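Visitor: whatever this is, show me its structure:
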Amino acid sequence: MNKDFQIERRKKAKELHKKGWPIRKIAAHLVVSKTSVTSWVKTTDESIELDLRGWQKGKTRRHNSITKERICSLRRELEKEGSFFYGNTVIQKNYLQLYGESISISFIYRTLKENNLVKHQNKKEKGKSRYMNYPNYTLSKLGKRVMSVDFIGPKYLAGSNEKINFITCKYIRPDKVGIARRIDGQTSENAILFLDDIWKKYPVPDVLKVDNDAAFGSNLSAKKCIGKFTLFLLNYGITPLYIAPRSPWNNGDVEGYNSVFSKHFWNKLQFTDEEEIDVQLNSFNVEYEKFSLLSDNNPTDLVDKYIQDIDGVDPGNKVVSKFKAHNIYFLRIVRRKEGKGTDKEYGFIDILKEEIKIRKDLINLFVVVCIDLKNKEIIISTETESGKLIVEKTNKYAVKNIIYPED
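Guide: Numbers count the residues shown, from 1 in each chain. Modelled structure (predicted):
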């Protein structure tokens, strides 16, 4: 990149910051990352014109043929040992521990690729949903500890028609731990039993992100009241967040973990029976936790809270005043109703089998829906490019079919 152009962008960032522009808005305006803008606005006027990029003239790169041989050897040894994980990040951390030298992920990838030890990786495209005003900033403020959960299956053993179901969970922040377990069936009861057991060892999250599977309570029961899974979360102070239908990338963390599970566990190993699955799955969970601690997690000052630490909870309680959390969140994409461009055209969203009308200029954009159980109110909002949340519609008893838990 041209040095003068880079310097001008730094100066412009500092100028806009002095005018009161937020970091997010400056980054969008200059088409750079928030990290870069944060660094630029802290730079002194004297050092802003320095160009410290690249290698110094005459300095050779520090990686050599020995480094490459070590990388390839690590990759082969990890695979030979039957490790579930031997990707670039694992090699990077193991190399640091063995040789006391930090090497970049890109160099490891290039080295493995040169030696035919890695498959081609498609470059990830970021921001593909930005035009839909996906509410990243709003969702990040719902809770400091966030977790997602999902079902996998049914799967089948060779020569058997018996269904084998799994449930998985993945901490999104601040940790990145993932856990998988075999269950009898994809039901609310099994999901509750799984989480109740997991949260005895791992911290209870502020927010649980789930898809619209009926077992997770996104649909109304036959009695048209909030289901037992949702009640379980609310009574323990956990806010449910339901992703948009047919948008699994909204729950990308656990979906990514499910891909790892399929690639490194189910598709890699051969099983004779369910007992063997459970034994191998326990090993997989242990190794994935080590992998997570090795590669993703950062120290945090959050106070860990476990399910046994939460006193006086009745998981089936339906009295709103006794809930420890009172909001249920939904992500929805506004869809079109009636003919496009006609006078009858309007937007709508579906919440718990009820259609809510939305103004048509929001069609194909995301809205954040909050059901406030305490105030018996539904609040529908959109997020602007700057991260500001704007309330579009508020209704008392907007979803007429819901029978709210009674006080």
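Visitor: quick one, longest helix in the chain?
Guide: The single longest helix within the chain, with elements called by DSSP state H, is helix 274-295.
Visitor: buried ones in that helix?
Guide: Judged by neighbour count using 16 or more other Cβ atoms under 10 Å, the buried positions of helix 274-295 are 277, 280, 281, 284, 285, 287, 288, 289, 291, 292, 294. Just so you know, the C-beta spots here come from the backbone N, C-alpha and C atoms, and that holds for glycine as well.
Visitor: now the second one: closest residue in space, sequence neighbours ignored.
Guide: Closest residue to residue 280 in three dimensions, ignoring its sequence neighbours and counting by Cβ to Cβ, 6 or more residues apart in numbering: residue 269, at 5.9 Å.
Visitor: again with the first one
Guide: Spatially, and ignoring its direct neighbours in sequence, residue 277 is nearest to residue 271 (5.0 Å; Cβ to Cβ, 6+ apart).
Visitor: just say helix, strand or coil for the one you found.
Guide: With DSSP: H, G, I helix; E, B strand; the rest coil as the basis, residue 271 sits in coil.
Visitor: just to revisit the earlier point, elements contacting the longest helix of the chain?
Guide: helix 88-99, strand 178-183 (3 or more Cβ pairs under 8 Å, 6 or more residues apart in numbering; DSSP states H and E).
Visitor: deepest of these, which one?
Guide: Comparing these by mean neighbour count (mean count of other Cβ atoms under 10 Å), strand 178-183 comes out on top with a mean of 20.
Visitor: distance from the helix or strand following that strand to the middle of the chain?
Guide: The C-terminal neighbour of strand 178-183 among helices and strands, as given by DSSP states H and E, is helix 188-201. The chain centroid and the centroid of helix 188-201 are separated by 20 Å, computed with Cα atoms, centre = their mean, to the nearest Å.
Visitor: contacting residues around the residue nearest to residue 277?
Guide: 157, 277, 280 (Cβ atoms under 8 Å, 6 or more residues apart in numbering).
Visitor: please apply the same query to residue 351.
Guide: By Cβ under 8 Å, 6+ apart, the neighbours of residue 351 are 330, 332, 369, 371, 378, 399.
Visitor: what helix or strand is the residue most central in space within the chain on?
Guide: Closest residue to the average C-alpha location of the chain: residue 253 at 3.8 Å, with Cα atoms, centre = their mean. Element membership for residue 253, per DSSP H and E: helix 252-261.
Visitor: helices or strands next to that helix in the packing?
Guide: strand 146-155, strand 164-173, strand 178-183.
Visitor: quick revisit: I'd like the distance between the residue nearest to residue 280 and residue 162.
Guide: Separation of residue 269 from residue 162 (Cβ to Cβ, to the nearest Å): 18 Å.
Visitor: same question for residue 382.
Guide: Residue 382 sits 47 Å away from residue 162, taking Cβ to Cβ as the criterion.
Visitor: mind giving me the domain ranges of the protein?
Guide: As recorded under automatic domain parsing, the domains making up the chain are 3-41, 65-114, 130-407.
Visitor: so, low pLDDT: which residues of the stretch 301-407 of the chain?
Guide: 396-407 (pLDDT under 70).
Visitor: now do the strands in it.
Guide: All strands of the stretch 301-407 of the chain, identified by DSSP state E, counting those that start in this stretch, fall at 327-333, 335-337, 346-351, 354-358, 366-372, 377-383, 389-396.
Visitor: so what strands line up beside the second one?
Guide: Spelled out, it's strand 335-337. Counting by DSSP bridges, the strands paired with strand 335-337 are strand 346-351 (antiparallel).
Visitor: show me what counts as buried in the partner strand.
Guide: Going by neighbour count (16+ other Cβ under 10 Å), the buried part of strand 346-351 is 346, 347, 348, 349, 351.
Visitor: give the contact list for the fourth one.
Guide: Neighbouring residues of residue 349 by Cβ under 8 Å, 6+ apart: 332, 333, 334, 335, 355, 356, 358, 367, 369, 380.
Visitor: coming back round to it: send the alpha carbons of the helix holding residue 253 over as PDB?
Guide: Extracted as PDB, the C-alpha positions of helix 252-261 are listed here (Å, rounded to 0.1, in the frame of the first residue of the first chain):
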ATOM      1  CA  GLY A 252     -21.700 -20.400  13.500                       C
ATOM      2  CA  ASP A 253     -19.700 -21.300  16.600                       C
ATOM      3  CA  VAL A 254     -21.600 -24.500  17.400                       C
ATOM      4  CA  GLU A 255     -22.100 -25.300  13.700                       C
ATOM      5  CA  GLY A 256     -18.300 -25.000  13.200                       C
ATOM      6  CA  TYR A 257     -17.800 -27.300  16.200                       C
ATOM      7  CA  ASN A 258     -20.300 -29.800  14.700                       C
ATOM      8  CA  SER A 259     -18.200 -29.800  11.500                       C
ATOM      9  CA  VAL A 260     -15.100 -30.600  13.600                       C
ATOM     10  CA  PHE A 261     -17.000 -33.300  15.400                       C
END
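Visitor: residues of that helix that come out buried?
Guide: Those would be 253, 254, 255, 257, 258, 260, 261, for helix 252-261 by 16+ other Cβ under 10 Å.
Visitor: lowest-confidence entry in these?
Guide: When the buried residues of helix 252-261 are compared on pLDDT, residue 253 comes out lowest, with 83.
Visitor: residue 205 reaches residue 148, doesn't it?
Guide: No. Using Cβ atoms under 8 Å, residue 205 makes no contact with residue 148, being 9.1 Å away.
Visitor: most widely separated two among the buried residues of helix 252-261?
Guide: Spatially, the most separated pair among the buried residues of helix 252-261 is 253 and 261, at 12.8 Å (Cβ to Cβ).
Visitor: residues contacting residue 302?
Guide: 144, 145, 174, 203.
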